[in-house]
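Novice: Provided below for reference: sequence and predicted model.
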Amino acid sequence: MSAPKLTSLIRQNGQSLVRRAVDTIIVQDKAGDQQRISLPRKLAGFALTKLATRSVPGAILVGGVLLAKHLHDRKQEHKKDKDEGAK
């Protein structure tokens, strides 16, 4: 894919991709197909989305935070599985 096509694609869909990633990470509960998100989490997601779509440093910051949260959650899950296996 050429660079102009790629940049055009990112500009058109970048905000929705960031919003979807933020929504996925800060979902509080899942009830069937419905997702319930608390108001403070919605506000945080909105703020992160705006920050990430306004500037490259903002996108790097938000991306780094999302990556750190994912790695932390994965480590906690692994630790929990290990503790349950030791019992």
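Specialist: That came through fine.

Novice: Thr49 against Arg19, yeah?
Specialist: Yes - because the distance of 4.8 Å satisfies C-beta atoms under 8 Å, Thr49 is recorded as touching Arg19. The way it works is simple: take the backbone N, C-alpha and C, and place the C-beta from them, glycine included.

Novice: Pick out whichever of these two has more residues nearby.
Specialist: Using other C-beta atoms under 10 Å, the more surrounded residue of Thr49 and Arg19 is Thr49, with 20 against 17.

Novice: Okay, and that one sits in which element?
Specialist: Following DSSP states H and E, one finds Thr49 within helix 39-54.

Novice: What is the neighbour count of the nearest residue to Ala59 once chain neighbours are set aside?
Specialist: Leaving aside its sequence neighbours, Ala59 sits nearest to Ala52 (C-beta to C-beta, 6 or more residues apart in numbering; 4.6 Å). Using other C-beta under 10 Å, Ala52 has 25 other residues around it.

Novice: List of residues touching stretch 46-61?
Specialist: Gly14, Gln15, Val18, Arg19, Val22, Val62, Gly63, Val65 (C-beta atoms under 8 Å, 6 or more residues apart in numbering).

Novice: residues touching the second one, list them.
Specialist: It stands for Gln15. The neighbours of Gln15, taking C-beta under 8 Å, 6+ apart as the test, are Thr49, Thr53.

Novice: in this structure, which spans are helices?
Specialist: Under the criterion DSSP state H, helices of the chain are mapped to 3-25, 39-54, 56-86.

Novice: separation between the residue nearest to Ala59 and Lys5?
Specialist: Ala52 sits 22 Å away from Lys5, going by C-beta to C-beta, to the nearest Å.

Novice: same thing with Arg54?
Specialist: In this structure, Arg54 and Lys5 are 23 Å apart, going by C-beta to C-beta.
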